[in-house]
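S.K.: let me see the structure of the following:
(3 chains)
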Amino acid sequence: MARPTALQVYKHLPIKNCGRCGENTCMAYAIKLAEGVRKIDDCPPLSDEQKKKLIELLTPAVRAVEIGTGKEAIKVGGEEVSYRHELRFFNQTALFIEVSDAMTGREVDDRINYVKGFETERLGHKLKLDGIGIRCVSRDIKKYKDLVQKTAKAFTGPLILCSDDMKAIKAGVEIVKKRRPLLYAATPKNLKEALNIAREHDAPLALRSPDMKELGLMAKAASSKGIEDIVLDPIAGFGPHLGETLNRYAMLRKAAVSGLREYGHPLMAKTFFMREECIDKEKCAYDESSLASMLIDRFASILLMHSIEPWTILPILTFRDGLYTDPRIEPTVEPKLYPLVNAGKDSPVILTTNFALTYHSVSKDLEGAKIPSHLLVVDTNGLAVSVAVAADKLTPQLVKEALEKNKVAGKVSHKTLIIPGVAGRLKDEIRELTGWKVIVGPQDSSQLAAFLKENHGKKEA
Amino acid sequence: MEKKKHRITFHPGKKAVLAEEKDSILDAAASCGIHISSPCAGRGTCGKCVVIVSEGITKGVKKGNTYLACKTHPLSDLSVRIPDNSSTGKYKILDHFHEIKKKALSGKNAGIALDIGTTTVAGFLVDLKKKHVVGTASAYNKQVVHGDDVLSRIDHSRKHGVEKLNRLIVETINNVAEELLEGRRNVMVTDLCAAGNTTMTYLLLNNDPSVIKKNPVLDEYKIPYTANASKLGISACGRLQTLPGISGYVGGDVVGDVLASGMHKSNKVSMLIDVGTNGEIVLGNREWLVACSTSAGPAFEGAGTLCGMKASSGAIDKISINENLKAEYRTIDDERPEGICGSGLIDLVAGLFLKGVLDHNGLFADKRKKYVVVPKKESGTGKEIALTEKDVKSIILSKTAIYAGAETLAKIGTPLPELENIYIAGAFGYYLDIEKAVTIGLLPDLPRKRYKYIGNGSLKGALLYLTDAKKRREADAVAKKTTYYELSGDKTFSREFLKALYLPHQDASRFPLVEKKLS
Amino acid sequence: MVSVKEEYAGRISQVVLGATKKEGGTRNKRLVIGGESSPPFYYFEGAPKNKPAISHDVFDMPISLPGHVREHFPDDVMNDPAEWAKYRVKKYNAEMITLHMVSTDPKLKDTPVKEACRTIEDVLQAVKVPIIIGGSGNPSKDPELLEKAAEVCSGERVLLSSIDPDMDYKRVTAAALKHGHAVLSLIPMNPDEMRRFNKNLIRQGLRREDIVMDLFTGGIGYGIEYTVSAMERSRLAGLRGDEYLCFPMASATSNAWSAREAWMRNDAWGPRELRGPLWESTTAEIALLSGADLFMMLHPRAIFALEEVIESLYSFQYREKA
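M.R.: Numbering: from 1, shown residues only, chains lettered A, B, ... in the order given. Now for the predicted structure:
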């Protein structure tokens, strides 16, 4: 069920225009409620019947589930569409790394520290992993409890308790019940017990089965017990199982979006398999990373992963970040002269294109290095520098026009333009056409800081 | 193989055109600038497009002794006479206010209803006893020298004080009043009613409009004000009322539009679009109303383009491009052309686009610098009247804002195809060719009969407010209950805006009928 | 679960690349791409039709490549495009070769078209797989180059890469029609413009079986999400009956290498020997899920990873449960 319109929400309001919600009219409130900016509780005159209808209307096609507590809690699900371009994807896939009671203490420590510490930056914000999944592999309840204890102490973020033995889950949740951990997982065999534990501790519960019908029945059973914070795991696989995997996740998302409420829950996947199956560790890590990225693309809201190699995690974090951006926002910036870091008359003028990613990347590098500079952004229809040069969209004529339109000559005391290294071959033509001195900068903007410190103020090379 | 062409001569006017057998008389007439009334858009169902074929052989649908122009095709050269009833353009305004002949007043007292537009001010002289209009006049808003749009005028008043702009609007009103009272002796204007956007209203009342910039929504915008006219400097004694507005950027002029349209009384949901500088749009019915301001720009009111002018004597208000790519036009009052008003500009861009002179980016396909509509020798100003790419860009920007605004409001819950009516208001001409407006992507591609052009709705609303107490109460209620929707910063609006910056739209599938015409 | 199935009114056209003796060419095998009637790997709505093809990059002059790419090809091989192509076919089992004629760029070597055509002939002789002829991207030179290349490759059914509205594309389409080739239309990230351009191409006389579209592939972190949305939108439109977006899609996945994460040495990021190919293969896999039918790739390990994924996806048989 796609998002309700303001009008659909409006029809369930008391229509008194009383103003108690803080808005001037009921329609204004309905618009904000439909967008998710206001809450149902903000309208005092709502009857219970109307509230019920509104909750039903406003619940997204894939319900949102919260794991963890406090500032580090994460929200997953809350999705409305199968295709990003139809609206957007809302809550990015939560990435959990596993620790198990079959690992050495050292290994566990490394993993916990890794989750806490690993980060990369992109377009001005930090990308990090989200939580830790604590697995019982040993079948030793005491061992498991020790691991849960240790992890919970060292790590304050969201947790998943993993075991096919409800006794272990029960023991684990006793320790971390205040942390609202995800309980993984209930199967048709232990469903009843799992539901009881989930309800007793108000913890979200994962339901696991390779059979779609069974998953639906389990979800319905949970719902009838008043448990709605559930996630579904249709069991992911790689290699020969990849097709089946992609099919299941697509079917489930489509079912949710079509309004089948029992399937309207976030999807989860475990991206690694029996340790014994892994002969070539490098390949397993490589494949796991590929599977993870593909599952992020195909509707997974939670991933439990094994590999902590930076080279496997980097693409996952980066892809996730991009996929969950709002596609309604254009990937270009306005082509004009951008003064950065209090640029003045003596500051260098640097050329780049209006592809948003390019602009942000270059401006971030300059701002990060605190270099006062003028960034001259030219309109290449949103193409990055190398592409624009190759496609002949970044031309000397375009540069000339940009210099004139932005009256750059009048804003700086010099007449030197630094062009991206990748556009180096345009140097002479730009110089001839514009009369400006042209310096060819580094190939990548990450080297700009060093380059400018060395070269600015020097004569043309 | 060359298809045989037949010469069709139309009377009155003696305009002739060459047509093939596949062309209907209706289409042939349109291609040489003759508009035969066709409310059913050529489907052959309304029976309004009757013509008399005095000479020649045709094959087609007869209605008595006449033919339906839309279903009749030439088999030889023809001589066709268009009866008076058929030649009225289907898109003329509902009531022929522009043809208001000067009438005498029944008494000594008169009222003036005003539309205080950002770019133009229009007025009715009203017989208060008989409650009808006895004269019309308009003038460019003198404040225009200090900025095209409301924001620049707010900035001006902040820097230089309100008095300057207040004086200019009062002067403009007085000029309009003077023109209205020309030739009338001993008439006292005792009642005035002004509909303007909130900034205009504030400036008229000598109130500081900078509050509007800081607070887009405030209760005080929804209040109708009354002031002593002469105290404000207006050459009248008596009171001046201003229509209540909806928000800082949607004012009493739009409330006037709503009043004039009657959309606030219907059960079905309709949309109202004011095609002017602010490009306000209202969506709703008797239960609920939502309004927004698209900041369209003054292109449709004749400003912002080299060849543009307001819709008055000498303005070209109708243009068609013939098969030699030359413009055929008519002017208001049949005076020598001095410029092109809004409706003419829409006709022009649509015509050039359909003929391939302009591409879908609004650029000249053959890289020419300009398109000459009227050469120097035919012009009333001694200068040629031409359209440049810059002009086309202004027009596209204006139409884009409005279209994107309509799509955005529709997302509130009533998809455009489900709308009962779309009311078009605006002071850009005496008619609007809906077909051409859709062609350029200003209006959505919907069944044409849903479009209702109400002319200067603000002025009509002001008239109603002035003369009818019941209507006054309705207007006050509308102002109070309408919800304002802020478009700036709205993601849907930004997205829709970027996609609409083309003729007619980046996504050709949204305009299937236009797609078809181009194939 | 059957109730969530959507029916699609349209179908993606099938494009043949390469001509064997039977068709008048000299290739050993021909490849068929496209033909889909359901979204990528939505098996419950329809089985995928033709396996996507992967074309290996070869350049007509030595270009600067990161060390961990270069190490997979002997130096002397990279100096000779015919040898390079041979090497890729022999060592890496390339089923298709993209010959990037970058040296013809007036701003690089400005190799005359005549000379460039000799290189193309050499490659045609050296390998018997279907070929993609890639211009330099220069809009003034490429029309002539692709036109002459079409002549040289007459009968071999190559893919002429690429055309767009800002060049004299009509020259290329005319040559394609004359010599029986397919064309690649490149319109970055804009399905609406792509649609408009493809409409023109059909008007020029190209058949639906002659067109492949490229909406541009940005690498992970460098625009992949725009690629996802542009490709998914186009594919869905084609499946829902849009006549001008119903063509197979190509992905120039080697663009992933412009990401610094792919080529840069950085210990905190792990070894680039693994990081680089993973960056390219992940980009490819995401493009695959978005509907790509043809891949143009660089690193052998990335290609191998993608081949494995394609193999497993095309061996799965979905059986609908009651």
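
S.K.: for residue 184, identify the helix or strand it belongs to.
M.R.: As the question left the chain open, I've gone with chain A. strand A:182-186 (DSSP states H and E).

S.K.: look at chain C instead
M.R.: Going by DSSP H and E, residue C:184 is part of strand C:182-186.

S.K.: and that strand, how far out from the chain's middle?
M.R.: 9 Å (C-alpha atoms, centre = their mean, to the nearest Å).

S.K.: what do you get for stretch B:481-492?
M.R.: 23 Å.

S.K.: and the residue of chain C found nearest chain B, what does it touch?
M.R.: With C-beta to the nearest C-beta, the shortest gap between chain C and chain B falls at residue C:192, namely 4.4 Å. Where you see a C-beta, it was placed from the backbone N, CA and C, and this is true even at glycine. Residue C:192 makes contact with B:499, B:506-508, according to C-beta atoms under 8 Å, 6 or more residues apart in numbering or on different chains.

S.K.: which among those residues gets closest to chain A?
M.R.: Among these, and counting by C-beta to the nearest C-beta, the member closest to chain A is residue B:499, at 9.9 Å.

S.K.: would you confirm that the closest one contacts residue B:511?
M.R.: No - applying C-beta atoms under 8 Å, one finds residue B:499 not in contact with residue B:511, separated by 11.9 Å.

S.K.: which residues do the two both contact?
M.R.: Joint contacts of residue B:499 and residue B:511 (C-beta under 8 Å, 6+ apart) are residue B:505.

S.K.: and for residue B:155, the neighbour number?
M.R.: 16 (other C-beta atoms under 10 Å in any protein chain shown).

S.K.: so which strand or helix has it?
M.R.: helix B:150-160.

S.K.: that's a helix at residue B:134, yeah?
M.R.: No - counting by DSSP: H, G, I helix; E, B strand; the rest coil, residue B:134 is not found in a helix; it is strand.

S.K.: which bits of chain A sit near chain B?
M.R.: A:5-8, A:10, A:15, A:17, A:24-28, A:31, A:326, A:328-330 (C-beta under 8 Å from any C-beta of the partner chain).

S.K.: name the nearest residue to residue A:294, ignoring sequence neighbours.
M.R.: residue C:285 (5.5 Å; C-beta to C-beta, 6 or more residues apart in numbering or on different chains).

S.K.: repeat for residue C:100
M.R.: Here the residue nearest residue C:100, using C-beta to C-beta, 6+ apart, is residue C:134, at 4.2 Å.

S.K.: these two touch, right, the one you found and residue C:104?
M.R.: No - Residue C:134 lies out of contact with residue C:104 (C-beta under 8 Å); the separation is 10.1 Å.

S.K.: give me the pLDDT value at the closest residue to chain C within the stretch 301-450 of chain B.
M.R.: Residue of the stretch 301-450 of chain B nearest chain C, by C-beta to the nearest C-beta: residue B:360 (7.3 Å). What the model reports as pLDDT for residue B:360 is 91.

S.K.: what's around it, how many residues?
M.R.: Residue B:360 has 18 nearby residues by other C-beta under 10 Å.

S.K.: and if you look at residue A:411?
M.R.: 15.

S.K.: what's near enough to touch residue 128?
M.R.: Let's take chain A. A:118-119, A:317.

S.K.: wrong one, I was asking about chain C
M.R.: So residue C:128 contacts C:26-29 (C-beta under 8 Å, 6+ apart).

S.K.: likewise residue A:99?
M.R.: A:107-108, A:111-112, A:132-135, A:147, A:151.

S.K.: what do you get if the cut-off is 6 Å, keeping everything else the same?
M.R.: A:108, A:111, A:134 (C-beta atoms under 6 Å, 6 or more residues apart in numbering or on different chains).

S.K.: who does it bridge with?
M.R.: residue A:134 (DSSP bridges).

S.K.: and it, how far from residue A:170?
M.R.: For residue A:99, the distance to residue A:170 equals 19 Å [C-beta to C-beta, to the nearest Å].

S.K.: next: residue B:240.
M.R.: Counting by C-beta to C-beta - residue B:240 and residue A:170 are separated by 79 Å.

S.K.: any stretches of the stretch 1-150 of chain C with poor pLDDT?
M.R.: C:1-2 (pLDDT under 70).

S.K.: tell me which stretches of it form strands.
M.R.: C:14-17, C:31-34, C:53-59, C:97-100, C:131-134 (DSSP state E, counting those that start in this stretch).

S.K.: tell me the helices and strands packed up against the first one.
M.R.: Using 3 or more C-beta pairs under 6 Å, 6 or more residues apart in numbering or on different chains; DSSP states H and E as the contact definition, the elements that strand C:14-17 packs against are strand C:31-34.

S.K.: so which residues make contact with the strand it packs on?
M.R.: C:12-18, C:50, C:53, C:130, C:248, C:293-294.

S.K.: what's near enough to touch residue B:315?
M.R.: Per C-beta under 6 Å, 6+ apart, neighbours of residue B:315: B:309, B:332, B:339, B:341.

S.K.: tell me the phi and psi of it?
M.R.: Torsion angles at residue B:315 (phi, psi; degrees, to the nearest 10) stand at phi -80, psi 140.
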